[in-house]
Structure formats: structure tokens, C-alpha cells
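Following is a predicted model, sequence given first.
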Amino acid sequence: MIRDCLKLTVYFGESDRAGSDLLADALFDAFERESIDAAVLLRGTEGFGIKQQVHTGRLLTLSEDLPLVAVAVDEPERIERLLPVVRSLVTGGLVTVERARLAAGRPDVQELPPGLGETVKLSVSVGRTERAAGGLAHLETVALLHRHGLDGATALLGLDGMVDGRRRRGRFFSRNADVPVVIVATGSRDAVASAAAALGRLLQEPRLTLERVDLCKRAGRTIAPPRVLADGDGALDRWQKLTIYADEDARHDGRSLYLQLVRRLRAERALGATALRGIWGFSDGGEPHGDPLLALRRRVPVVTTVIDRPSALQRWWPVVDELTAGAGLVTCEVVPAFHAVGPEVSVGGLRLARPQR
Amino acid sequence: MTAADWTWLAILGGGGALLRYLVDGWIGRRFPGEFPLGTFAINAAGSLALGLLVGLDVTKSTLFVFGTGLIGAFTTFSTWLFETVRLAEDGELAVAAANLAVSIAAGLAAGGAGWALGSVL
């Protein structure tokens, strides 16, 4: 069964607070009170926000305040009920609301709604040590997505989460068996449909989140540049999100691709960017992989997300296009609601813009 | 070493760590490029200060409290190497090598300059 849902995403900093609590804890306590169906907390490795302040794991002192991304998916009514709470908690950061579809059970090809378009982003969450088909569930899931011909898939390790409305929090001294690992994948409608059906057999009652995306580039080749949209009329702004999937060892001019992306986008004064390092995955037609054993250079897949106004995206798109000339899977999505807040800053609002279908 | 020396060592040691945290954060936020400028500046400044103390031929307990305590806690060998390894992980091998070479060269030069300056004063 496939039903409409909303995806709430909060981008903030690891040391941000809501009163006496850490914002990350306060948000997930709120998700827990609302018994949100699916949620995960991810830690980024590099990024910046509306204040243009760099957050990085490269410098020891700055690494205490890494970028965090909290994602919650549920029925529209429950996410809408959560919004005022989230708005009161987040005093610095970015909140977005996106439309998505939640598929439970065994969706088959005929069931994918036409509104999803030609390219679909599929997200599925498994437990950190969950097993499936004799292996670790997240590795088996990535292998399945690769077999079914998806363009890319990245497994991201959660720090905290909600699974089926129950809290699954990571702790320092624990196996953290149930803490979610989220696998984010992109592929053609047909590939996603066949993979979704196969995931229904591989995993026990998987919940798949399906989102409409536009495929912009694959392995450095342009499929279609991000669509040109108007910024909106102020009351109902529209935003666009660009996501770049590439391996950590991907290069542009001999420099690290994801670091150059974040740095150049900041120089272009984009509203914000976050790079998340995966633990396993593939893109650009390669085999699924993680980090090589006994090697210093890291190879894990890195997912970099940038959100901005449509007019600004058109301004800095040539930079992304140039940097991803040799590698990278690039997708673009419309973000119907966006609210960036900080000291003396407030951009956007959380009323949903009309769907662009 | 007297009990007062040990007390000052603890106080200035803590102060040095705090000072490094503040200075490194301040520099890092302003210059967040690939080169770890904060750690480099801290180690170079620490080398200069330690050279100066030695050159000034201060008493044993002053060297203990300021050299071992304040400058010892302020400067950092482990962060220098940690950040070098992080650069190598990202494949920024040229910057990693530069971080090693430039830090050693600057540390020796600053230490030598401090020593010479202290001897003259």
C-alpha cells in the first residue's frame, strides 16, 4: 500500500541547544511523544548554514559542532502537528517539509503512482546489526539495489531514530543493534519498482519512502540541468534541493570533490550545504563498497545536499556542473516549504507551496 | 618544586588548554580552508614563547610553571598529527605534507628566534 506522507528535515549544529537540552535530544523527544513512524538523526562531516559558518570534522576544535540532519517521515496530519513544536525548538537552523510517499508491504510495479515521475528516490531503514539473506541487512539492501540497476545507493549510519513509532537511540556503550541505518537510493521508475518488490521479500515489512526527483547528471554526464523555476510570490516561496552523490576519493583537479563543493558553494553564498559520509554504497556505475581495509585514503560514498532559492540555484549551478565534470550523480528536487532561522535571520516559512507536477 | 609550583602548574595547565581551545576555534572559524591554520599558529607561538623562556634563563620553577604548564598545555602535538591524518584521509596529500614540513620549519625558526631574543634581553 502506498500513501502520501510528509518528510520533515531539520539541519542544525551538534552543539545547538533548546533550553537546557541539546536540540538533537529535544527534537527526538518530540518525535517520540508524537510516535512518529520513521525518523533518523545523521551527522555530517562538512557543511555551512545561513550564517555561512563552516562546520567541519577536519579541525579538532571545530569538530565538536558538526552538522546534524534530523529527518522524520509520517502522515501529513502528524507532521503538521509536529511543526509548531519544531518551530519553537529550532532557534538556529533550517527546517524543510517535502512531499513523499510511504510504501509498506510489497509494492509492485503497477502500484507506483504516476506523480512520482521518471526518476525516483527510495529510502529504506534497517537496524544497524539486522540480518537479511544471511548477511547484514544494509549490505544486502545495497547489493539488491545495485542488482536492480539503480543509479546509486548510500547507507548512512543513524545516531538516533524512530522505527515503527518506537525510539531507537544510539548509546556509547551499546551494540546499538536497533539504531537505524538509512539507505538512500536513486534510480529510474522501473528499476525502483522492481527493487521495491524485491526489498519486500528481502526485509521483514520494510517501509519505503519514495520521492520524486529529477536526474541531472550521472557519472559526470549531464542528463538534464535543474529545471528553471520561479522563486514564488513571497507568501508561498519555493525552494530547490540539489544532491550530489560521489565517493570520498572522487576528485576535481586533484582535490577532494565534496570539500571543493562545500567550499565553492560557500564562496557563492549558497544558503547552506551539508556533506554526509556514508558507510557503504555505490554511484557512477561502480560496485558497492565501503572504506578499503588498511588504507589511509577513504573511499566511502559521500552525499552532499544544497538547498537554495531557484534563482540562486541557477546562479551557482555552473559551479556544481564544473566540479562534477568527471564524477558524481546529481539529482534535483523541489522543496515546497523551507524555513531558515538564526539570530536576526528568518527566511521562508513552513506553508506548503503548491505541488509542481 | 614547591607545593605552590604544583598548584600553579595545575592552574596554568588548565588555562593553557582553555586558551588553545579559544584561539583554535577563533582562527578555525575565520580560516576554515584545508590548511589547519589554528593548530599551526598555536604550535609556532608556543615554540616562540618556550624559546623565549629558555633564552631569558628563567628560574627552574618559572620554566616548570610556564613552560611545562602553560605552553605545554597550549601547544599540541597530537592535534597536529590528527589533522594531518584527516587531510590524508581526504586525499589532500600535498596539504598534509605541507602541514608537516611547514610546522616543523616554523616551530624550529620560532623557537630559535625566541631563544635568541631572550638571550639578548
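Nice, I can see it.

ok, the residue lying farthest from the centre of chain A to A:D231 distance?
Each residue of chain A has a distance to the centre, and by C-alpha atoms, centre = their mean the biggest one is for A:L294: 29.1 Å. For A:L294, the distance to A:D231 equals 50 Å [C-beta to C-beta, to the nearest Å]. Yep, even glycine has a C-beta here, placed from its N, CA and C like the rest.

Might you report the residue contacts of residue 42?
In the absence of a named chain, chain A is used. A:68-71, A:156-159, A:182, A:276 (C-beta atoms under 8 Å, 6 or more residues apart in numbering or on different chains).

meant chain B actually
Counted by C-beta under 8 Å, 6+ apart, B:I42 has contacts B:20, B:23-24, B:74-76.

which stretches of the stretch 251-357 of chain A form strands?
Using DSSP state E, counting those that start in this stretch, the strands of the stretch 251-357 of chain A run over A:251-252, A:255-256, A:273-277, A:280-282, A:301-308, A:329-335, A:337-342, A:345-349.

Among the ones you listed, which comes closest to B:L9?
Comparison of those against B:L9 by C-beta to C-beta identifies strand A:273-277 as nearest, at 40.3 Å.

What residues does chain B have near chain A?
B:21, B:24-25, B:28-29, B:32-34, B:36, B:38-39, B:79, B:82-83, B:85-92 (C-beta under 8 Å from any C-beta of the partner chain).

List buried residues within those.
Among the residues of chain B next to chain A, the ones that count as buried by 16 or more other C-beta atoms under 10 Å in any protein chain shown are B:24-25, B:28-29, B:32, B:34, B:36, B:38-39, B:79, B:82-83, B:86-92.

isn't A:L27 right up against A:V10?
Yes - the pair A:L27 / A:V10 is scored as a contact, 6.2 Å apart, by C-beta atoms under 8 Å.

More neighbours: which of the two?
A:L27 (28 against 22; other C-beta atoms under 10 Å in any protein chain shown).

Reduced to three states, what does that one come out as?
Counting by DSSP: H, G, I helix; E, B strand; the rest coil, the backbone at A:L27 sits in helix.

and A:G272, how many residues sit next to it?
Counted with other C-beta under 10 Å, the neighbours of A:G272 add up to 22.

May I have the residues that are in contact with it?
A:G272 sits next to A:11, A:47-50, A:94, A:306-308, A:340 when contact means C-beta under 8 Å, 6+ apart.

With distance to A:S35, neighbour count and pLDDT as added columns, please give those in CSV.
Shown next, in CSV, are the contacts of A:G272 (distance: C-beta to C-beta, whole Å; neighbours: other C-beta atoms under 10 Å in any protein chain shown; pLDDT from 0 to 100):
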residue, distance to A:S35, neighbour count, pLDDT
A:Y11, 24, 24, 95
A:G47, 30, 27, 95
A:F48, 34, 21, 94
A:G49, 29, 22, 90
A:I50, 31, 18, 85
A:L94, 25, 24, 91
A:V306, 32, 26, 96
A:I307, 28, 25, 93
A:D308, 33, 24, 92
A:A340, 28, 22, 82
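
And these, which is closest to chain B?
A:F48 (8.5 Å; C-beta to the nearest C-beta).

Tell me what the closest one is bridged to.
A:V54, A:A273 (DSSP bridges).

Measure how buried the closest residue to B:E89 other than its chain neighbours is and give me the count.
Distance criterion C-beta to C-beta, 6 or more residues apart in numbering or on different chains; nearest residue to B:E89, sequence neighbours excluded, is A:R298 at 4.8 Å. As a burial measure, A:R298 scores 20 neighbours (other C-beta under 10 Å).

Let me see the contact set for A:R298.
Here A:R298 is in contact with A:248-249, A:277, A:291, B:89-91 (C-beta under 8 Å, 6+ apart).

Tell me which two of the residues you listed sit farthest apart.
A:R277 and B:G91 (13.6 Å).

overlap in contacts of those two?
A:248, A:298.

For the residue in chain B positioned nearest to chain A, which non-adjacent residue is spatially closest?
In chain B, no residue comes nearer to chain A than B:P32, which is 3.6 Å away by C-beta to the nearest C-beta. Nearest non-adjacent residue to B:P32, counting by C-beta to C-beta, 6+ apart: A:V54, 3.6 Å away.

Check A:A219 too.
Nearest to A:A219 is A:D284, by C-beta to C-beta, 6+ apart, at 4.4 Å.

Surely the one you found touches A:A153?
No - with contact defined as C-beta under 8 Å, A:D284 does not count as touching A:A153 (11.8 Å).

Which positions in chain A make contact with chain B?
With C-beta under 8 Å from any C-beta as the criterion, chain A meets chain B at residues A:53-54, A:56-62, A:248-249, A:251, A:255-256, A:259, A:263, A:296-298.

go with 7 Å
A:53-54, A:56, A:58-62, A:249, A:256, A:259, A:296-298 (C-beta under 7 Å from any C-beta of the partner chain).

Could you pull out the helices in the stretch 201-350 of chain A for me?
A:257-267, A:310-323 (DSSP state H, counting those that start in this stretch).

Pick the most deeply packed of these.
helix A:257-267 (a mean of 22; mean count of other C-beta atoms under 10 Å in any protein chain shown).

average model confidence for it?
If you average the pLDDT over helix A:257-267, you get 94.

Between strand A:273-277 and that helix, find me the angle.
170 degrees (axes from the mean of the first three to the mean of the last three C-alpha atoms, to 10 degrees).

Which strands and helices lie in contact with helix A:257-267?
Applying 3 or more C-beta pairs under 7 Å, 6 or more residues apart in numbering or on different chains; DSSP states H and E, we find helix A:257-267 packed against strand A:46-48, strand A:239-247, strand A:273-277, strand A:301-308, helix A:310-323.

Beta-bridge partners for the nearest residue to A:I244 once chain neighbours are set aside, please?
Excluding its sequence neighbours, the residue lying closest to A:I244 (C-beta to C-beta, 6+ apart) is A:T304, at 4.5 Å. A:T304 has the following beta-bridge partners by DSSP bridges: A:I244, A:A275.

still on that earlier bit, what's the closest of the helices and strands packed on helix A:257-267 to B:A4?
strand A:46-48 (46.4 Å).

for that closest one, packing partners?
Partner elements for strand A:46-48 (3+ C-beta pairs under 7 Å, 6+ apart): strand A:54-56, helix A:257-267, strand A:273-277.

Please render those as JSON lines that adds distance to B:G15 to the earlier fields.
Output for the helices and strands packed on strand A:46-48, formatted as JSON lines (distance: least, C-beta to C-beta, whole Å):
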{"stretch": "strand A:54-56", "distance to B:G15": "26"}
{"stretch": "helix A:257-267", "distance to B:G15": "34"}
{"stretch": "strand A:273-277", "distance to B:G15": "35"}
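
Out of these, which is closest to A:R175?
Proximity to A:R175 (C-beta to C-beta) singles out strand A:273-277 among the helices and strands packed on strand A:46-48, at 21.6 Å.

Run through the neighbouring helices and strands of the closest one.
strand A:46-48, strand A:67-74, helix A:257-267, strand A:301-308.

one more time with 10 Å, if that's ok
strand A:38-43, strand A:46-48, strand A:54-56, strand A:67-74, strand A:152-157, strand A:239-247, helix A:257-267, strand A:301-308 (3 or more C-beta pairs under 10 Å, 6 or more residues apart in numbering or on different chains; DSSP states H and E).

Dump those into CSV; add distance to B:G107 as well.
As requested, these are exported to CSV (distance: least, C-beta to C-beta, whole Å):
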stretch, distance to B:G107
strand A:38-43, 33
strand A:46-48, 28
strand A:54-56, 24
strand A:67-74, 33
strand A:152-157, 38
strand A:239-247, 35
helix A:257-267, 26
strand A:301-308, 33
